[in-house]
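S.K.: okay, here's the prediction I keep looking at, along with the sequence it came from:
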Amino acid sequence: MSISVRHITKFYGRQCALEDVSFEVKKGQVTGFLGPNGAGKSTMMKILSCFIPQTSGEAFVCGYDVQEQSMAVKKLLGYLPENNPLYTDLYVKEYLGFVAGVYCLKQSAAAVSRVIEMTGLGPEQHKKIGALSRGYRQRVGLAQALIHDPQVLILDEPTSGLDPNQLEEIRRLIKETGKEKTVLLSTHIMQEVSAICSRVIIINKGKIVADENPRVLQEMSRDTNTVLAEFDKTVREEKIMQIGGVQSAENLGGNKWRIRWSSSKDLRAEIFRFAVEQQLTVLGMQKEEQSLEMVFRNLTKEPAGKE
């Protein structure tokens, strides 16, 4: 396995960031590592990148222990951190040359030219990094992660700040890279996961809550039906919950509701009957398709009364 994580736990003081996390990632796989803010994504990536130690458990990259053999790990791994720290007073090409020197690359000039072409930095290569847009700074960060041709790429929010055209280019690059390398990336953009990831791991409060192919996750969620309904008058949640088969009712503001039930039966007729009994007019009703974003929200949302 390119990445092997076994029962990793991480504490910051008394705060538990990761609790008994285990997973493996094979070569040639782009895996999305998702979770809400504070779920433990960046902590896991920093452990795998040898930036911080775990409290307990083991982690291996290409068979090397991230604590005991960190130098060997760093030679095989490319890392783009969330905040993407760069030397803003250096020129793009100069900076990439510096990174190539850190890795002691024998053909550093060729490596710099290769990643500049891969990441589309050609027009900006003679500019100072401090003068670049946020999107181009992300490209520089991605270029430094790729310059030593690593076997494993760990990317924390790699498309942050990119415009739609840049997004498409970088996603294509990540997907192509994932055919030959192992890629673990975190993102908040669900379309990105659907577009480039063959697997998604969802973490919440330091624990893995899902590990599956994105399409399979969406299929699994279809056991729950959802309707968006709007009434002309105020209606209480407890009234809606009296409709036979309703699993939950979420107010979306005003008189709009998201109504879920776990059944193959279409309950829209029951909702109309309920409206008539309550002397309500249905202003709109639409069956909601289960998107990956909805699956993510359902798996990571706080229980009612605990937000």
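M.R.: Perfect, I can see it now.
S.K.: quick one: the strands in the protein?
M.R.: Counting by DSSP state E, one finds strands in the chain at the ranges 3-12, 15-25, 30-34, 56-61, 64-65, 77-80, 152-156, 182-186, 199-204, 207-212, 225-231, 246-253, 256-261, 282-287.
S.K.: how far does the shortest one sit from the chain's center?
M.R.: In this case it means strand 64-65. From the chain centre to the centre of strand 64-65 is a distance of 25 Å (CA atoms, centre = their mean, to the nearest Å).
S.K.: all further residue positions should be reported with the first residue as 53.
M.R.: Sure, I'll start counting at 53 from here, so that last one is strand 116-117.
S.K.: ok, and what's touching that strand?
M.R.: 110-111, 124-125, 128 (CB atoms under 8 Å, 6 or more residues apart in numbering). In this view, the C-beta of every residue, glycine as well, is placed from N, C-alpha and C.
S.K.: where does Ser300 land on pLDDT?
M.R.: Confidence at Ser300, expressed as pLDDT, is 89.
S.K.: thinking again about what came up before, of the contacts of strand 116-117, grab the buried ones for PyMOL.
M.R.: Selection of the buried residues among the contacts of strand 116-117 in PyMOL, burial being defined by 16 or more other CB atoms under 10 Å:
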select buried, resi 111+124+125+128
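S.K.: indicate which one of the strands of the chain is closest to Ser185.
M.R.: strand 129-132 (16.8 Å; CB to CB).
S.K.: who's in contact with Gly174?
M.R.: Ile168.
S.K.: and it, how far from Ile168?
M.R.: Here the criterion is CB to CB, to the nearest Å. By it, Gly174 lies 6 Å from Ile168.
S.K.: hmm, back to that, same list (the contacts of strand 116-117) but as a markdown table, adding pLDDT.
M.R.: Listed next are those as a markdown table, based on pLDDT from 0 to 100:
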| residue | pLDDT |
| --- | --- |
| Glu110 | 97 |
| Ala111 | 97 |
| Ala124 | 96 |
| Val125 | 96 |
| Leu128 | 96 |
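S.K.: from the contacts of strand 116-117, pick the one nearest Met337.
M.R.: Out of the contacts of strand 116-117, the member with the shortest distance to Met337 (by CB to CB) is Ala111, at 48.9 Å.
S.K.: residues contacting that closest one?
M.R.: 55-58, 60, 99-100, 117-119.
S.K.: quick check on these: which are buried?
M.R.: Using 16+ other CB under 10 Å, the buried ones in those are 55-57, 60, 99-100, 118.
S.K.: ok, which pair from those is furthest apart?
M.R.: Farthest pair in the buried ones among the contacts of Ala111, by CB to CB: Ser56 and Ile99, 12.4 Å.
S.K.: returning to that earlier point: got a markdown table for the contacts of strand 116-117, with distance to Ile206 too?
M.R.: Converted to a markdown table, these look like this (distance: CB to CB, whole Å):
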| residue | distance to Ile206 |
| --- | --- |
| Glu110 | 17 |
| Ala111 | 12 |
| Ala124 | 16 |
| Val125 | 11 |
| Leu128 | 11 |
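S.K.: just the buried positions in stretch 75-84, please.
M.R.: 75, 77, 81-84.
S.K.: from those residues, which shows the smallest pLDDT?
M.R.: Lowest confidence among the buried residues of stretch 75-84: Gln81, with 88.
S.K.: just checking, Gly213 touches Gly187?
M.R.: Yes: taking CB atoms under 8 Å as the definition, Gly213 is a contact partner of Gly187 at 5.1 Å.
S.K.: still on that earlier bit, dump the buried residues of stretch 75-84 into TSV; add distance to Arg288 as well.
M.R.: TSV is the format used below for the buried residues of stretch 75-84 (distance: CB to CB, whole Å):
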residue	distance to Arg288
Phe75	43
Val77	47
Gln81	48
Val82	46
Thr83	43
Gly84	39
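S.K.: of those, which is the nearest to Ala161?
M.R.: For those, the nearest to Ala161 is Val82 (29.5 Å; CB to CB).
S.K.: ok, what's across the strand from the closest one?
M.R.: Val235 (DSSP bridges).
S.K.: can you add pLDDT and distance to Asp141 and give the buried ones among the contacts of Ala111 back as CSV?
M.R.: CSV is the format used below for the buried ones among the contacts of Ala111 (pLDDT from 0 to 100; distance: CB to CB, whole Å):
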residue, pLDDT, distance to Asp141
Ile55, 96, 35
Ser56, 97, 39
Val57, 97, 37
Ile60, 98, 37
Ile99, 97, 31
Leu100, 97, 30
Val118, 97, 32
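S.K.: what number of residues lie near Arg288?
M.R.: 11 (other CB atoms under 10 Å).
S.K.: any idea of the pLDDT on it?
M.R.: 93.
S.K.: for Leu128, see how far away it is.
M.R.: 59 Å.
S.K.: repeat for Val167
M.R.: From Val167 across to Leu128, the span is 17 Å (CB to CB).
S.K.: please apply the same query to Asn277.
M.R.: 46 Å.
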